[in-house]
Every structure is written in C-alpha cells, then in structure tokens.
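Asks: Below is the sequence, then the predicted model.
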Amino acid sequence: MLILLPPSETKSRPAADAAPLDLARLALPELEDARRTMVRAAIRTAAGRDAATRLGVPASAPELVDRMASLEHEPAASPLAVYSGVLYDQLPPDTAVPTDRRVLVQSALLGVVDAATDRIPAYRLSAGSSVSRLGTAASWWAPRLRGVGAALLAEQATSPAPLVIDGRSGSYRSMMRLKSTPEVPVLEVAPVQERAGVRKVISHDAKRYRGIVTRELLSADRAPEDPRELVSLLQERLAAVPGVAGSPLTVELDGHRLVIVDRVA
C-alpha cells in the first residue's frame, strides 16, 4: 500500500551537526538530475533581492533566506522529523513504516521523498513558489514526475496490497497526478463535518484528519488489500478516535473518495 502526503510549510531544523542533504542517496534516483536543478535554482532564488517574497519567508524569520542560500550545507534528517504542523503532529518522528507499506511525501524542492529512508533539510519552498529561471515549483515538477507516477502505479499493481491512499492537497496533487486504474484504486482522503445531516467539506483542518488516517494505517497489523478491507479496518480503528465534538470518527467510500466523517451536534 502506498500513502501519499503533502509536505508542511513549517519545519523543524535538524541538529546542526547532522550530515547535509545527499541527493545521490535519496529514493527514486531517477529524479537526481531534476533535484539538482531545483536545488541550484532555489539557491539562486535565495540570493535575489526579492528572495523573501518568492520563497514565502515571513518577516518574523528572515534567517530562512540565508539558510536557503546555503541549502547544500544545511543539516538533514528524516522527513518525519523535519516536517511539522497539524498533519505531522499525528506522526511522531520515530513512526515506523512497515515493509508492506510505503509513505511518500510530495516536495517542492525534491519532487518526492520517502518518509522511511530519506534525509532532508528544513527548506523553505512551496508548490506555488516562483523559482529563479524555472517558474513555479509545481508547474516545473509536473512533467518530470509524470513518469514517476506511472511507475508507482505499476509497482502497486503487483503488490499484495494494491492501494494508493492520497492525502495530498490540491496543489501537490497537481505536481504528480495519479488516477485509479482497474488494478490500483487511488483514494483521496476527504474529511467532512456533518451537522444535523448536512455535510460540509473540511478545508482548514483537513491535514489533521489525513494525519490520523496515516497513523492508523501505519500502526495496523497489516496493509488492507482492497478498498472494502480498508474501510473496515479504518472504521474499527477510528471508532476510538474522537472528533471535535467527542463523537467517534467514521469512514465511508464514495467512488474514489475515502470520506472521513466528523459528526457534531
């Protein structure tokens, strides 16, 4: 089973004595040349006069520009130790990824990173960032990730648990579009809030629910083999997870959407 996640805007900087980013050792080595191009472009962007605006650096943290300018020397660590925020709060840095599951995180800097094996710096770059000579990160990566997405689906088709759980946000889905095939369902995690029978899409806090789903899928004894087994497993596990009003979360399958329902009075 493959789980796809978005990155987070907020990140925790690894210990200063940690080894820096080594592009040659990242998963999906076919992306190495593209990653080098984007890293060089990000460094050029950080050296420009409008760096803070283009990188989305807040006025309260100007040091992030200097760190991006010396990106190749920045300390690196596991993605689960670097990414922070509401989604990753559900996934402690020591979260184990079982061998029958894989977690990949979309990255504006590196394309895609493996949560279990890769090491990354606390970079400042998002899908919408305008990067020197390359345009926006999302649009630049999209054609370079098309083949990767196809290869991932082909790999899943031959696995014991041919499922893709897509927890990415829209801007990161556009970087590497994956659609269900007859062999591999691609299920978007779609949280909704239900009040008096009326449902409303959850947008502001959606990442928290995606983090919860990821946590429960990684801590299960084994990966579910099909959508029906997936729903059954999550229904059992989410029964112990309270929503905002204290009611247990529930899960439904709606076409290619894995709907997480949070019921409130």
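Replies: That came through, no problem.
Asks: Now do the strands in the stretch 101-250 of the chain.
Replies: Here the stretch 101-250 of the chain has its strands, by DSSP state E, counting those that start in this stretch, at 102-107, 111-114, 130-131, 135-136, 164-166, 186-195, 198-201, 250-254.
Asks: Parallel or antiparallel, list what pairs with the last one.
Replies: In this case it means strand 250-254. strand 257-264 (antiparallel) (DSSP bridges).
Asks: And for the fifth one?
Replies: For strand 164-166, the paired strands and their directions (DSSP bridges) are strand 2-5 (parallel), strand 186-195 (parallel).
Asks: Low-confidence regions, the stretch 51-200 of the chain specifically.
Replies: Filtered on pLDDT under 70, the stretch 51-200 of the chain yields no residues whatsoever.
Asks: residue ranges for the helices of it, please.
Replies: Using DSSP state H, counting those that start in this stretch, the helices of the stretch 51-200 of the chain run over 51-55, 63-69, 79-82, 137-157, 170-173.
Asks: Out of the ones you listed, the one nearest Ala116 is which?
Replies: Nearest of the helices of the stretch 51-200 of the chain to Ala116, taken as C-beta to C-beta: helix 79-82 at 8.5 Å. For glycine as for every other residue, the C-beta is placed from the backbone atoms N, C-alpha and C.
Asks: who touches the closest one?
Replies: Residues outside helix 79-82 that contact it (C-beta atoms under 8 Å, 6 or more residues apart in numbering): 11-14, 76, 88, 91-95, 105, 113-115, 118, 120-122.
Asks: CA-only coordinates of that helix, as PDB, when you get a sec.
Replies: What follows is helix 79-82, C-alpha atoms only, in PDB (Å, rounded to 0.1, in the frame of the first residue of the first chain):
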ATOM      1  CA  PRO A  79      11.200  13.800   6.700                       C
ATOM      2  CA  LEU A  80       9.000  12.800   9.700                       C
ATOM      3  CA  ALA A  81      11.500  14.600  12.000                       C
ATOM      4  CA  VAL A  82      11.600  17.700   9.700                       C
END
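Asks: begin at 24 from here
Replies: Understood, numbering begins at 24; the last thing we discussed is helix 102-105.
Asks: about what we covered before: switch the strands paired with strand 187-189 over to CSV; also include mean neighbour count.
Replies: Shown next, in CSV, are the strands paired with strand 187-189 (neighbours: other C-beta atoms under 10 Å):
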stretch, mean neighbour count
strand 25-28, 25
strand 209-218, 20
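Asks: Could you save those as JSON lines and add columns showing distance to Ala268?
Replies: Shown next, in JSON lines, are these (distance: least, C-beta to C-beta, whole Å):
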{"stretch": "strand 25-28", "distance to Ala268": "26"}
{"stretch": "strand 209-218", "distance to Ala268": "9"}
